[in-house]
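J.: Sequence unavailable; structure follows:
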Ligand code: SF4
Ligand code: SF4
């Protein structure tokens, strides 16, 4: 039995209202990826993570807990859990991923920062002011909480003098670029995905890669934001051949991730079908969204290799490419 | 089965946000392309909402919250219905109703 939808949405909306994120994690955790990268604080152009990649290990812990709870009589007490969560940050209490789980996803914003640095893009980072965008609460229809949160984020950007943000993932991109202008009067921040920025500037390839990969387009990039060509151009310039799967680009097939917090079995079934489509084309697949990556990896269960696009691009611009020889290599 | 019809429901939905379910021609393309394969999504659901069948919409809450907002349906809809935005409006309405 799934947990009662109303209480789950209520907990997420309460968190957004009270703590600035649907899944509030400590700022030192959300910003740990930037340590040692020398990224200046603030500036007119900032790399905006919206904490999406950093949140994945916490979401995974919670989903596992939710699955256990959903099968137990405790599910009946979700209303009590919501009331308790208003007083104590439940995420901090129950979701404590280990260092290696966090490092796996923290690596991706660090990859993107390095790619931008190597491409000569001047950018800063807002550190503890790099707030979650409200994407999940928006999807669930918690509109009042999202509108208030959007005003808060827009206020931070204004106060910090930000004119342009470079985003990492599709959900933050569509929130900041397409949803916020409808919610916040006078919001005029320029928003581009780093894939668009890099595709426009050209990738400074050091050691070209070789091999064939297949690609899983994010529904949000492809059908909400029209980002389809950019990842393909970047992978081609990195030296990779892209083999298109069934349901590619504009016609991509959902990874199932959006259903995970409320209907994990549905999410798993969809991801399983998608993995079959991808594996039929190549044993290596490129993703560009943290939710797609984690959901497809779980479904693949080691039967194919799934990597974020930033891993491949960074291999091509650094000496990592020379030794990686990862494409076409053994599956993990 | 008795059915509660609410003439005000469509106005409540339109007050939440743009809701264009009445543009739906009931062709079934969306249902055919939906990866979830739930017969109800989205066209029957939109018919319930447009007709103000409140209790049917409330009974459909699981399907409404299971929608992935993936827009596979919207990419094929010949009438250009804003299906995912309508889904979000229905979610908001359900939360308001305390379904
Ligand atoms: S594809 Fe569009 S017009 Fe056809 S049933 Fe679905 S919503 Fe209605
Ligand atoms: S947006 Fe919802 S109804 Fe449309 S295809 Fe995706 S899951 Fe199905």
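T.: Looks like it arrived, so ask away. Being a predicted model, the structure only gives us computed values, none of them experimental. Ligands and ions are numbered 1, 2, ... in the order given.
J.: Please enumerate the helices of chain B.
T.: Counting by DSSP state H, chain B has helices at residues B:9-16, B:29-33, B:43-51, B:54-59, B:61-66, B:72-76, B:83-97.
J.: In JSON lines, list the ones you listed along with mean neighbour count and mean pLDDT.
T.: In this view, the C-beta of every residue, glycine as well, is placed from N, C-alpha and C. Converted to JSON lines, the helices of chain B look like this (neighbours: other CB atoms under 10 Å in any protein chain shown; pLDDT from 0 to 100):
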{"stretch": "helix B:9-16", "mean neighbour count": "16", "mean pLDDT": "92"}
{"stretch": "helix B:29-33", "mean neighbour count": "17", "mean pLDDT": "91"}
{"stretch": "helix B:43-51", "mean neighbour count": "21", "mean pLDDT": "90"}
{"stretch": "helix B:54-59", "mean neighbour count": "18", "mean pLDDT": "92"}
{"stretch": "helix B:61-66", "mean neighbour count": "20", "mean pLDDT": "90"}
{"stretch": "helix B:72-76", "mean neighbour count": "20", "mean pLDDT": "94"}
{"stretch": "helix B:83-97", "mean neighbour count": "21", "mean pLDDT": "92"}
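J.: of those helices, which approaches chain A most closely?
T.: Minimum separation from chain A across those (CB to the nearest CB) falls at helix B:83-97, 2.9 Å.
J.: Measure how buried the closest residue to ligand 1 within chain A is and give me the count.
T.: Chain A approaches ligand 1 most closely through residue A:223 (14.4 Å), counting by CB to the nearest ligand atom. A count of nearby residues for residue A:223, using other CB atoms under 10 Å in any protein chain shown, gives 25.
J.: Run through the residues that contact the residue of chain A found nearest ligand 2.
T.: Closest contact between chain A and ligand 2, by CB to the nearest ligand atom, is at residue A:254 (6.3 Å). Residues near residue A:254 by CB atoms under 8 Å, 6 or more residues apart in numbering or on different chains: A:219, A:270, A:274, B:35, B:68, B:70, B:72.
J.: same question, residue A:194
T.: For residue A:194, the contacting residues are A:47, A:112, A:115-116, A:166-168, A:310, by CB under 8 Å, 6+ apart.
J.: can you put these in JSON lines and add distance to residue A:140?
T.: Listed next are those as JSON lines, based on distance: CB to CB, whole Å:
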{"residue": "A:47", "distance to residue A:140": "27"}
{"residue": "A:112", "distance to residue A:140": "27"}
{"residue": "A:115", "distance to residue A:140": "32"}
{"residue": "A:116", "distance to residue A:140": "32"}
{"residue": "A:166", "distance to residue A:140": "27"}
{"residue": "A:167", "distance to residue A:140": "21"}
{"residue": "A:168", "distance to residue A:140": "22"}
{"residue": "A:310", "distance to residue A:140": "28"}
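J.: coming back round to it: measure the nearest residue to the residue of chain A closest to ligand 1 once chain neighbours are set aside to residue A:218 for me?
T.: Closest residue to residue A:223 apart from its sequence neighbours, by CB to CB, 6 or more residues apart in numbering or on different chains: residue B:71 at 4.0 Å. If you measure residue B:71 against residue A:218 using CB to CB, to the nearest Å, the figure is 11 Å.
J.: quick one, which of those two is more surrounded?
T.: Taking other CB under 10 Å, residue B:71 and residue A:218 do not tie; residue A:218 has more neighbours (28 against 21).
J.: Identify the residues contacting the host helix or strand of residue A:271?
T.: Using DSSP states H and E, the element containing residue A:271 is helix A:264-279. Under the criterion CB under 8 Å, 6+ apart, residues A:2, A:63, A:66-67, A:70, A:214, A:216, A:245-247, A:253-260, A:285, A:295-296, A:298-300, A:303-304, B:35-36, B:66, B:68 lie in contact with helix A:264-279.
J.: what's the domain layout of chain A?
T.: A:5-198, A:203-323 (automatic domain parsing).
J.: Any chance of a ChimeraX selection covering the buried ones in the contacts of helix A:264-279?
T.: Here is the ChimeraX selection string for the buried members of those, based on 16 or more other CB atoms under 10 Å in any protein chain shown:
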select /A:2,63,66,70,214,216,245,247,253,254,255,256,257,258,259,260,285,295,296,298,299,300,304 /B:35,36,66,68
